[in-house]
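S.K.: Curious how this folds, go ahead:
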Amino acid sequence: MAAGEPGSARRDGLGFRSRISLNNLTIKRLSYIDGDMATDDTVSTYIASLEARVAGDAIGARLKEISVLTRGIGKKIGETLGVNPTDMAALEQLLMNGPLTPGQLAAHLKVTTAAATQIVDRLERAGHVTRERKAGDRRKVFVVPAHESVGRAFQELAPMLDGLDGVIAGLGQDERQVVERFLDQVIGVYRTVAGFSPPASPPH
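M.R.: Now for the predicted structure:
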């Protein structure tokens, strides 16, 4: 099968050939080890061992569950606002960071500026964002989340935020320090895998 044809595999710089289907959440991976292609059984065994490592560790299992639940909450908010996951990811960036230029939004989403512009177009048509120019610099266009959409999103998040506030309030000072240090390390791992640069200084 020629490279680039539908279903063909591409060898990347890590020495793997991968075909990933996100729609049905299945991953088929053909792995090269010392130049030899591993069998499906080998790959299946390796994936099963990774899953067992997570399932066998109480903290790892909880982190996995938090990850799954976080995606579920994002999906729920997206359904409430009537946007797809890609557009919801852009809206999340605007909710967290405030107004951004299309270029800044593209950098946060790790997409091209053209792709970010299409996302903004859809969000604007849906009434979730507006394009505005700041008085100090009329040359730059900023994407601003609509107040109503922000309110609807936080209305969905309010029960979770209130619950987390209660959990955090119940921690003693020593417990807080342990949790903060652990979460800083977890965030560091996530940022490295996602390709994000470390923050200038950790929050305290």
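S.K.: Count the neighbours of residue 168 for me.
M.R.: Using other Cβ atoms under 10 Å, residue 168 has 11 neighbouring residues. Bear in mind the C-beta positions are built from the backbone N, C-alpha and C, glycine included.
S.K.: Distance check, the closest residue to it other than its chain neighbours against residue 184.
M.R.: Leaving aside its sequence neighbours, residue 168 sits nearest to residue 176 (Cβ to Cβ, 6 or more residues apart in numbering; 7.8 Å). The spacing between residue 176 and residue 184, counted by Cβ to Cβ, to the nearest Å, is 12 Å.
S.K.: Which helix or strand in this structure has the lowest average pLDDT?
M.R.: strand 16-21 (a mean of 38; mean pLDDT, DSSP states H and E).
S.K.: Identify the residues contacting the residue nearest the centre of the chain.
M.R.: The residue lying closest to the centre of the chain (Cα atoms, centre = their mean) is residue 89, at 7.3 Å. Counting by Cβ atoms under 8 Å, 6 or more residues apart in numbering, residue 89 touches 74, 109.
S.K.: Report the separation between it and residue 68.
M.R.: 17 Å.
S.K.: So what's the residue count around residue 146?
M.R.: For residue 146, using other Cβ under 10 Å, the count is 17.
S.K.: ignore the last one, residue 129
M.R.: Counted with other Cβ under 10 Å, residue 129 comes out at 26.
S.K.: Low-confidence regions, this protein specifically.
M.R.: 1-41, 43, 46-48, 50-55, 199-204 (pLDDT under 70).
S.K.: just the strands in it please.
M.R.: 10-11, 16-21, 26-33, 36-37, 129-134, 137-145 (DSSP state E).
S.K.: Format the CA atom coordinates belonging to stretch 97-117 as CSV.
M.R.: Output of stretch 97-117 as CSV, limited to C-alpha atoms (Å, rounded to 0.1, in the frame of the first residue of the first chain):
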residue,chain,number,x,y,z
ASN,A,97,-7.3,33.2,29.8
GLY,A,98,-9.7,35.9,28.8
PRO,A,99,-9.7,37.6,25.3
LEU,A,100,-7.1,36.2,22.9
THR,A,101,-6.1,37.0,19.4
PRO,A,102,-6.7,34.3,16.8
GLY,A,103,-3.0,33.7,16.7
GLN,A,104,-2.8,33.3,20.5
LEU,A,105,-5.8,31.0,20.5
ALA,A,106,-4.1,28.9,17.8
ALA,A,107,-1.0,28.6,19.9
HIS,A,108,-3.0,27.4,22.9
LEU,A,109,-4.8,24.9,20.8
LYS,A,110,-1.7,23.9,18.9
VAL,A,111,-3.5,24.4,15.5
THR,A,112,-2.8,26.7,12.6
THR,A,113,-4.1,30.2,12.6
ALA,A,114,-6.4,29.3,9.7
ALA,A,115,-7.9,26.5,11.7
ALA,A,116,-8.3,28.8,14.7
THR,A,117,-10.1,31.3,12.5
